[in-house]
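1. How does the following fold in three dimensions:
(2 chains)
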Amino acid sequence: MQSSSPSAAQANEDERLIEKVAQGDRAAFSLLYDRFSTPLYSLALKMLANEAEAQDLLQEVFLSIWNKAPTYRPERGTAFSWVVSQLRNRAIDRLRARRRHGELLDANAPELEPSGSTVATSASNVEFGERAREVRSALDQLSDEQRQVLRLAYFEGLTQSEIAEKLEEPLGTIKARAHRGLARLRTILRFLHD
Amino acid sequence: MTDRLEELAALHALGLLDETAQADLLKALATDAEADKLLRDYLDTAAGLALDVPQVGPPPTIKREILRQLPARAGSNILPFSTWLPYAIAACLLSLAVYQTWRNSVLKHELADAQATLKNFQWQISDNAERKAFADLRVVPIDPKDPAYLSASLIVAWDNSLHQGVITVQNLPLAPAGHDYQLWVLDPHEAAPVNAGLLTPGPSRRFTVPPLATSAPGFAVSLEPTGGSPAPTGPILFAVAPIE
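-> Numbering: from 1, shown residues only, chains lettered A, B, ... in the order given. So this is what the prediction gives:
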């Protein structure tokens, strides 16, 4: 049972799509895009706070999915987890480069509201909407401190030391909050899913 | 499975482990199926955090652009290399032969014309070269960002055609023990500053960097550990932004 992953049937369907993409099936790739582009783009916007950069990253990640589909191994995690980790890792690389560069240029990326984007209403987004409600409901049941550490780690890509410095807490406290927070989130999501 | 391993799995799923701890975890996972399963669960749980944001779809143009850029996959319904390669080579050779015949006749005429105009151009060469050198040259003062360095003066003469510069330094105090001043070139098209080397003692120093995407880069000087760093780590003491 995957705690926050899609239903078993949908997870199997995602895996099947990636298998087809690995064989060069463009129609399957198009379906995969329709299924994952909204959550991936939303995550990119949240992390980068820049519409143009989020769109650029989305293109980069989907081209990477096309190229790396043959290396996907279902036993290592769901298809959703695989594509999300590809986007997040690249977003963190960009954030860290931006921090170094931004420090020199004395300029930070502006907070932009999405303008040309659309709120998608496909069946897959309805399903992601339900899962999103579960995740938010589970997050609400964590302590403020645990939630804060999880979000700083996940969306801002900060290291343990950077989080400890930002929150002015000992490193051990941050590790414990991250560990217990994620463990609790897993337990609650499993409960909600069951 | 130990508590320590469980903690490492959770921290890894959040991207919080350094390389050493990651190596410890991966080594332990190889012999602990339960921990391996837990890591997968944590990775899926962490991926769920991606849904904790307002869901917004990308503009429709993005999908078209991605589909347009998709490269062909080896083994898909593209003709095998061995099938089309001989035809491609034959077509190239035929094209080359036709092109050479035509080119020879054109070259004879061009040679005569060129000889006639060569003398007319010769007198202009030195004048144009001098103008181009000035057109490509940009003089840029680098502003102090730290009040302790207000009396120092750093000026870069930048030649964009050679992607080369000379930095002139006045009244710059000696770097503190264990540190060096390091120069960086800032290109808004580059993700990170380009290392232009250390500011060695002396009134001026020439530096060269790989070709840049910008014609008007910025510059910065940071204080780094002795010997310099591959990317800036210390305080930025002087900086001027690129012109976009």
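2. quick one: the residue positioned nearest the centre of chain B from A:Arg98, how far?
-> Nearest residue to the geometric centre of chain B (Cα atoms, centre = their mean): B:Glu190, 4.6 Å. To A:Arg98, B:Glu190 is 12 Å away according to Cβ to Cβ, to the nearest Å. (Glycine included, C-beta is placed from N, CA and C.)
3. what helix or strand does the most centrally placed residue in chain A sit in?
-> Centroid-nearest residue in chain A, with Cα atoms, centre = their mean: A:Val84, separated by 4.4 Å. Here A:Val84 is covered by helix A:79-105, with elements defined by DSSP states H and E.
4. again, but for B:Leu154
-> strand B:153-159.
5. Point out the other helices and strands that that strand packs with.
-> On a contact count with 3 or more Cβ pairs under 8 Å, 6 or more residues apart in numbering or on different chains; DSSP states H and E, strand B:153-159 meets strand B:137-144, strand B:164-170, strand B:218-225.
6. if you compare these, which one is most tucked away?
-> Mean neighbour count (mean count of other Cβ atoms under 10 Å in any protein chain shown) peaks for strand B:218-225 among these, with a mean of 22.
7. List the strands paired with that one, with their directions.
-> Partners of strand B:218-225 in the sheet, by DSSP bridges, are strand B:179-186 (antiparallel), strand B:236-240 (antiparallel).
8. got the domain boundaries for the chain?
-> By default, I'm working from chain A. Chain A breaks down into these domains under automatic domain parsing: A:1-121, A:141-194.
9. My question was about chain B, not that one.
-> With automatic domain parsing as the reference, chain B has domains B:3-51, B:137-240.
10. Just give me how far the longest one sits from the chain centre.
-> With Cα atoms, centre = their mean, to the nearest Å as the basis, the distance from the averaged C-alpha position of domain B:137-240 to the chain average is 17 Å.
11. quick one: terminal-to-terminal distance for it?
-> 17 Å (Cα to Cα, to the nearest Å).
12. picking that back up, the residue nearest to the centre of chain A: what's it in contact with?
-> Residues near A:Val84 by Cβ atoms under 8 Å, 6 or more residues apart in numbering or on different chains: A:39-40, A:43, B:47, B:50.
13. and the lowest-mean-pLDDT helix or strand in chain A, what does it pack onto?
-> Using mean pLDDT, DSSP states H and E, helix A:123-140 stands out as the lowest-scoring helix or strand of chain A, at a mean of 77. Here helix A:123-140 touches helix A:26-48, helix A:171-193, helix B:33-48, going by 3+ Cβ pairs under 8 Å, 6+ apart.
14. Next, the angle from the first one to helix A:123-140.
-> Right, helix A:26-48. Orientation check (axes from the mean of the first three to the mean of the last three Cα atoms, to 10 degrees): helix A:26-48 against helix A:123-140 gives 30 degrees.
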